[in-house]
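Q: Here's a sequence, model it:
(chains A, B, C and D)
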Protein chains: 2
Amino acid sequence: MQNPRRESRRDSMDQERPLPSVVERMWGREPVTRRGPRPRLDLATITAAAIEIADAEGLSGVSMASVASRVGVAATALYRYIGSKEDLLTAMADGAAPPPPEPAGMSWRDYLTLWTRAHRDIVLEHAWLLSVDRLAPPLGPRRLLWLDRALAALDGTGLDHGEKIKVASTLTGYALTDAALIHSIGGGDPTMENAAITGAADYGEVLAGLLDPVAYPALSAAMRSGVMHGAEGWVDDEDFVFGLNLLLDGVEALIGQRASEKQRASEKS
Amino acid sequence: MQNPRRESRRDSMDQERPLPSVVERMWGREPVTRRGPRPRLDLATITAAAIEIADAEGLSGVSMASVASRVGVAATALYRYIGSKEDLLTAMADGAAPPPPEPAGMSWRDYLTLWTRAHRDIVLEHAWLLSVDRLAPPLGPRRLLWLDRALAALDGTGLDHGEKIKVASTLTGYALTDAALIHSIGGGDPTMENAAITGAADYGEVLAGLLDPVAYPALSAAMRSGVMHGAEGWVDDEDFVFGLNLLLDGVEALIGQRASEKQRASEKS
DNA sequence: ACCTGAACACCGTTCAAGT
DNA sequence: ACCTGAACACCGTTCAAGT
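A: This next block holds a predicted model:
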């Protein structure tokens, strides 16, 4: 049912580890061109064009044809630079990330709060990331720089490397979750493409009409209480901080635990 | 650039609140048919067929044609039951969820642990949910039943309705994040469709080769320490519990806070 | 070596025509 | 009223041909 097109990776590049060639190109390792006309494009140009289209029209506006025409080339010429549309989406997901915020001597907690919020804001600015982002671990230079800065913020807390990575990836997930929530409620979507609901109040009312209070007792009670009609809208920065602090409180507890373990160990010797 | 097809909702149904008609159908409110031949299908049948295809071949195997042929009908007949493919995906996302686990007298913490793990496992069994799930708040009967049970588990903790909902949605996000992590690392994907990386060890090695230790100091240090080569694989249940406990510790702290507030208030009066 | 244009095998969706 | 079949306007990707 449709011929599988997998395995468009591992072309070119003499190197022991096979690596998707898009990833190579994301790191600036364009193949060394010798003979023939100079290439008119590069991956960064193509990616930037695709991102502009996605920002303006949503992901559905991004086709090989539309990207190609934006950079002034036939659709088929893109395949000189990219193995497939999948590859393009991968490159877009990395390319949409600006440099991470600088630590500037903050506490780990302050920095990670800033970091997570900034991450969330990026996703809101490029809402199409929500449809692209989830499936692969980051391999591009921009995303990995974000990861690096989160790990760096946790230096000196006594957490080991594995714990730091897990904290960072949990925070990444939180940023995505919060962005998805805001987006779906109708927060910051210029094209309104996927907002099934136009406002929080609507959501509550729709639910209230749908629910059988016997089958859905707790949810019905919540809806009847009017949670969805908060003074300044349902999803706001306060909500973001609320959930984030649940997480950071947990991290703080862990750090405290590690610190007291260390102290006990040093007292023993 | 492609004619916009929005606003295929709000057809039929005499009701004050306009509601996507798929949502109506998900709740069993099929339009009352009087004249003409009886319909051969219903939304549940179509949705189940689509889910089976997605489970077997991934989301890319799901086309109007493939779904229609599985239920023995021409592709165009599906439009009697569904407004668009988007609608089908919405119905699939709800239909893939089995009934939530029963509380059975557990503590809120035990139940939410079970709940979140079960949620995560569902996403792993239907990995295509990761590409479908994120954008709209749940409106289907199955998903809302999950939400109801999470809220119910938090009854008696002193949290208000808004707080309970935020806790539940944070846990949902965590389940998705964890599933995405496991999936991308190559965990449980029969079709291996989106696994850019075939194993955790590979990921670490690939990264190690890519990274400039000056530009990515903390991440390089983590990779050099060999975090990615844990004894029983990188992502396991222990990791799931680790991150989840960060969250639940935060929730527990909040519950404690609410409880002491209440006590202080009652002492005053 | 890069880029084009034609071609292929698909898509989702519409609409008039049959029952 | 349901379902079909033809048709439309797209897709992503290939490949031979031009430079």
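Q: ok, now which ones touch A:Ala152?
A: Counting by C-beta atoms under 8 Å, 6 or more residues apart in numbering or on different chains, A:Ala152 touches A:Pro103, B:Pro217, B:Ala218. Where C-beta positions appear, they are placed from N, C-alpha and C, glycine not excepted.
Q: Name the member of those with the most neighbours.
A: Within the contacts of A:Ala152, most neighbours by other C-beta atoms under 10 Å in any protein chain shown means B:Ala218, with 20 neighbours.
Q: Now do that residue, the pLDDT please.
A: On the pLDDT scale, B:Ala218 is placed at 97.
Q: cool, and A:Trp115?
A: Taking A:Trp115 on its own, its pLDDT is 98.
Q: Can you mark which positions in the helix or strand where it lies are buried?
A: A:Trp115 belongs to helix A:108-125 when assigned by DSSP states H and E. Under the neighbour-count criterion of 16 or more other C-beta atoms under 10 Å in any protein chain shown, helix A:108-125 has A:108-109, A:111-117, A:119-120, A:122-124 buried.
Q: Can you name every helix or strand that that helix contacts?
A: helix A:141-153, helix A:161-185, helix A:237-268 (3 or more C-beta pairs under 8 Å, 6 or more residues apart in numbering or on different chains; DSSP states H and E).
Q: Packed most tightly, which of those would that be?
A: Neighbour counts averaged per stretch over those are highest for helix A:161-185, at a mean of 23; criterion: mean count of other C-beta atoms under 10 Å in any protein chain shown.
Q: Can you name the element that comes right after that one?
A: Helix A:161-185 is succeeded, C-terminally, by helix A:200-210 (DSSP H and E).
Q: Say whether chain B is contacted by that next one.
A: Yes. Applying C-beta under 8 Å from any C-beta of the partner chain, one finds helix A:200-210 touching chain B at A:Asp202, A:Tyr203, A:Glu205, A:Val206, A:Leu207, A:Gly209, A:Leu210.
Q: again, but for stretch A:31-49
A: No. Residues of stretch A:31-49 contacting chain B under C-beta under 8 Å from any C-beta: none, with a closest distance of 13.4 Å.
Q: what does that stretch contact?
A: Contacts of stretch A:31-49 (C-beta under 8 Å, 6+ apart): A:12-13, A:22, A:25-26, A:30, A:67, A:70-71, A:73, A:77-78, A:80-82, A:88, A:91-92, A:95.
Q: where's A:Leu211 relative to A:Glu205, distance?
A: Distance, A:Leu211 to A:Glu205, using C-beta to C-beta, to the nearest Å: 11 Å.
Q: the more surrounded of those two?
A: A:Leu211 (21 against 16).
Q: OK, contacts around A:Ile165?
A: Contact analysis of A:Ile165 by C-beta under 8 Å, 6+ apart lists A:Leu147, A:Leu151, B:Ala222, B:Val227.
Q: nope, A:Thr172 is what I meant
A: A:Thr172 touches A:His119, B:Thr177, counting by C-beta under 8 Å, 6+ apart.
Q: got it, and A:Leu129?
A: When contacts are counted by C-beta under 8 Å, 6+ apart, A:Leu129 touches A:Ala93, A:Ala96, A:Ile122, A:Val123, A:Ala179.
Q: measure it to A:Val241 for me?
A: 22 Å.
Q: Get me the contact residues on the stretch 1-150 of chain A for DNA strand C.
A: Counting by C-beta under 7 Å from any atom of the strand, the residues of the stretch 1-150 of chain A close to DNA strand C are A:1-3, A:33-41, A:68, A:73-74, A:76-77, A:80.
Q: Go again with 10 Å.
A: Within the stretch 1-150 of chain A, the positions lying close to DNA strand C (C-beta under 10 Å from any atom of the strand) are A:1-3, A:30-42, A:46, A:64-65, A:68-69, A:71-81.
Q: Can you list which of those residues are found in helices?
A: Mapping these onto helices (DSSP state H) picks out A:Ile46, A:Met64, A:Ala65, A:Ala68, A:Ser69.
Q: Most neighbours among those residues, please name it.
A: Neighbour counts for these (other C-beta under 10 Å) peak at A:Ile46, which has 25 neighbours.
Q: any chance of the contacts of A:Ala152 in JSON lines, with secondary structure too?
A: Compiled in JSON lines, these are given as follows (DSSP: H, G, I helix; E, B strand; the rest coil):
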{"residue": "A:Pro103", "secondary structure": "coil"}
{"residue": "B:Pro217", "secondary structure": "helix"}
{"residue": "B:Ala218", "secondary structure": "helix"}
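Q: For DNA strand C, state which of these is nearest.
A: B:Pro217 (34.5 Å; C-beta to the nearest atom of the strand).
Q: wait, that closest one sits on A:Arg149?
A: No. The pair B:Pro217 and A:Arg149 fails to qualify as a contact (C-beta atoms under 8 Å) at a distance of 9.8 Å.
Q: Make sure A:Ile251 is actually in contact with A:Lys164.
A: I think there's a mix-up here, since residue A:251 is Val and not Ile. No. Look at A:Val251 against A:Lys164 with C-beta under 8 Å: they stay out of range, at 9.8 Å.
Q: which residues do those two both contact?
A: Overlap of the contact sets of A:Val251 and A:Lys164 (by C-beta under 8 Å, 6+ apart) is empty.
Q: so which of the contacts of A:Ile165 comes closest to B:Gly158?
A: Of all those, A:Leu151 has the smallest distance to B:Gly158: 36.2 Å, by C-beta to C-beta.
Q: What separation is there between the residue lying closest to that closest one once chain neighbours are set aside and DNA strand D?
A: Closest residue to A:Leu151 apart from its sequence neighbours, by C-beta to C-beta, 6 or more residues apart in numbering or on different chains: B:Ala218 at 3.7 Å. Separation of B:Ala218 from DNA strand D (C-beta to the nearest atom of the strand, to the nearest Å): 36 Å.
Q: what separates B:Ala218 from B:Arg264, distance-wise?
A: Distance from B:Ala218 to B:Arg264, by C-beta to C-beta: 43 Å.
Q: hang on, isn't A:Tyr111 packed against A:Glu102?
A: No. Using C-beta under 8 Å, A:Tyr111 is not in contact with A:Glu102; the gap is 9.1 Å.
Q: number of nearby residues for whichever residue of the stretch 1-150 of chain A sits closest to DNA strand C?
A: Using C-beta to the nearest atom of the strand, A:Gly36 is the residue of the stretch 1-150 of chain A that sits closest to DNA strand C, at 2.1 Å. A count of nearby residues for A:Gly36, using other C-beta under 10 Å, gives 6.
Q: So for it, what's the pLDDT?
A: 83.
Q: can you check the one 10 residues further on too?
A: A:Ile46 is assigned a predicted lDDT (pLDDT) of 98.
Q: How about A:Ala54?
A: Reported pLDDT for A:Ala54: 98.
Q: Could you report the neighbour count for it?
A: 23.
Q: tell me which element it is part of?
A: Short version, using DSSP H and E: A:Ala54 is in helix A:43-57.
Q: quick one: that helix to helix A:108-125, angle?
A: For helix A:43-57 against helix A:108-125, the angle by axes from the mean of the first three to the mean of the last three C-alpha atoms, to 10 degrees is 70 degrees.
Q: Pull out the buried members of the residues of the stretch 1-150 of chain A next to DNA strand C.
A: A:Leu41, A:Ile46, A:Met64, A:Ala68, A:Val71, A:Val73, A:Ala77, A:Leu78, A:Tyr81.
Q: Name the nearest of the residues you listed relative to DNA strand D.
A: Of all those, A:Met64 has the smallest distance to DNA strand D: 3.7 Å, by C-beta to the nearest atom of the strand.
Q: My guess is the closest one contacts A:Asp87. True?
A: No. With contact defined as C-beta under 8 Å, A:Met64 does not count as touching A:Asp87 (11.2 Å).
Q: who's in contact with A:Val67?
A: Counting by C-beta under 8 Å, 6+ apart, A:Val67 makes contact with A:Ile46, A:Ala49, A:Ala50, A:Ile53, A:Leu78, A:Leu88.
Q: Which members of these are the farthest-apart pair?
A: Using C-beta to C-beta, the pair of these lying farthest apart is A:Ile53 and A:Leu78, separated by 13.1 Å.
Q: Pretty sure A:Gly226 sits against A:Gly204.
A: Yes. Applying C-beta under 8 Å as the test, A:Gly226 and A:Gly204 come out as touching, 7.2 Å apart.
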